[in-house]
Each structure stands twice: as C-alpha cells, then as structure tokens.
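*Asks:* make a model of this:
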Amino acid sequence: MSVPTAATVKASLTSDVGVDAGAEVRLAWSLNSSALVEGAFGPANFANHAEFFETRSTFGLIPVGAGTVTVQPFVRVVGTSSKRATLLQRCVAVEASTS
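*Replies:* Below is the predicted model of the structure:
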C-alpha cells in the first residue's frame, strides 16, 4: 500500500483455526520484509486449542512512514514437534485513513 504521510495503519487477520491440544498459534508482523515483530503491534497469541475449529480475528495498529509499505503476517505453532494447527479461509486487510 502507498501512504502519503507518516500514519498508523490497522492490520487485521481473520481465520478459521484448529489447534492441537497443548499448542497455540502465535502471530508476528513484518514491515517491508523486515525482521518479524511478535507482540509489538497487537496480541501475539492468535489461537489456543479448542474442541472444534473457531473463527479468530485480531488486529494491530502499526506506525508507518510515508511511501510504499508492505505489511505481512506470519504465524507459527508453539508446542512440541508433533503439535499442529490449521488455518482455513485466511483474510488479511490493511487499512489507512484518508482525508
């Protein structure tokens, strides 16, 4: 996205998530292909185990400079090596205010 002046953008992630017992899904954001930042712009814990798949949604408020900005979410599963998580119907949106 292109931002005319420095601003705060709202980046949101929504997905139907299934997580194994004893595991959780963590969320991190990358700006312009930079190193991942977990928990700096919003919650890091995206999903814990539930009996069935559940829709999860979260957002982060991210300060950005003027110019072209790329915002990308990354998720990882925390648990033993046998633990898994599945994300279905993923949706990512980044919004900036206009005047």
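*Asks:* contacts, neighbours, all on C-alpha from now
*Replies:* Fine.
*Asks:* just list whatever residues bridge to the residue nearest to Ser97 when sequence neighbours are not counted.
*Replies:* Nearest residue to Ser97, sequence neighbours excluded (C-alpha to C-alpha, 6 or more residues apart in numbering): Val9, at 7.5 Å. Under DSSP bridges, the beta-bridge partners of Val9 are Ile62.
*Asks:* same thing with Thr68?
*Replies:* Here Thr68, judged by DSSP bridges, has bridge partners Ser2.
*Asks:* and for the one 5 residues further on?
*Replies:* Following DSSP bridges, Pro73 is listed with bridge partners Trp29.
*Asks:* how about low-confidence regions in this protein?
*Replies:* 98-99 (pLDDT under 70).
*Asks:* again, only using 90
*Replies:* For the chain, applying pLDDT under 90 flags the ranges 1-7, 33-40, 42, 50-51, 65-67, 96-99.
*Asks:* let me see the ranges of the strands in it.
*Replies:* For the chain, the strands defined by DSSP state E occupy 2-3, 7-19, 24-31, 37-38, 45-48, 54-64, 67-68, 71-78, 85-95.
*Asks:* next, format those as CSV and append mean neighbour count.
*Replies:* Converted to CSV, the strands of the chain look like this (neighbours: other C-alpha atoms under 10 Å):
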stretch, mean neighbour count
strand 2-3, 14
strand 7-19, 19
strand 24-31, 20
strand 37-38, 17
strand 45-48, 20
strand 54-64, 17
strand 67-68, 12
strand 71-78, 16
strand 85-95, 14
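*Asks:* my guess is the residue nearest to Ser97 contacts Gly65, does it?
*Replies:* No - assessed by C-alpha atoms under 8 Å, Val9 is found out of contact with Gly65, at 10.2 Å.
*Asks:* contact partners for Val94?
*Replies:* Val9, Lys10, Ala11, Ser12, Val71 (C-alpha atoms under 8 Å, 6 or more residues apart in numbering).
*Asks:* can you list phi and psi of Thr5 for me?
*Replies:* phi -140, psi 170 (degrees, to the nearest 10).
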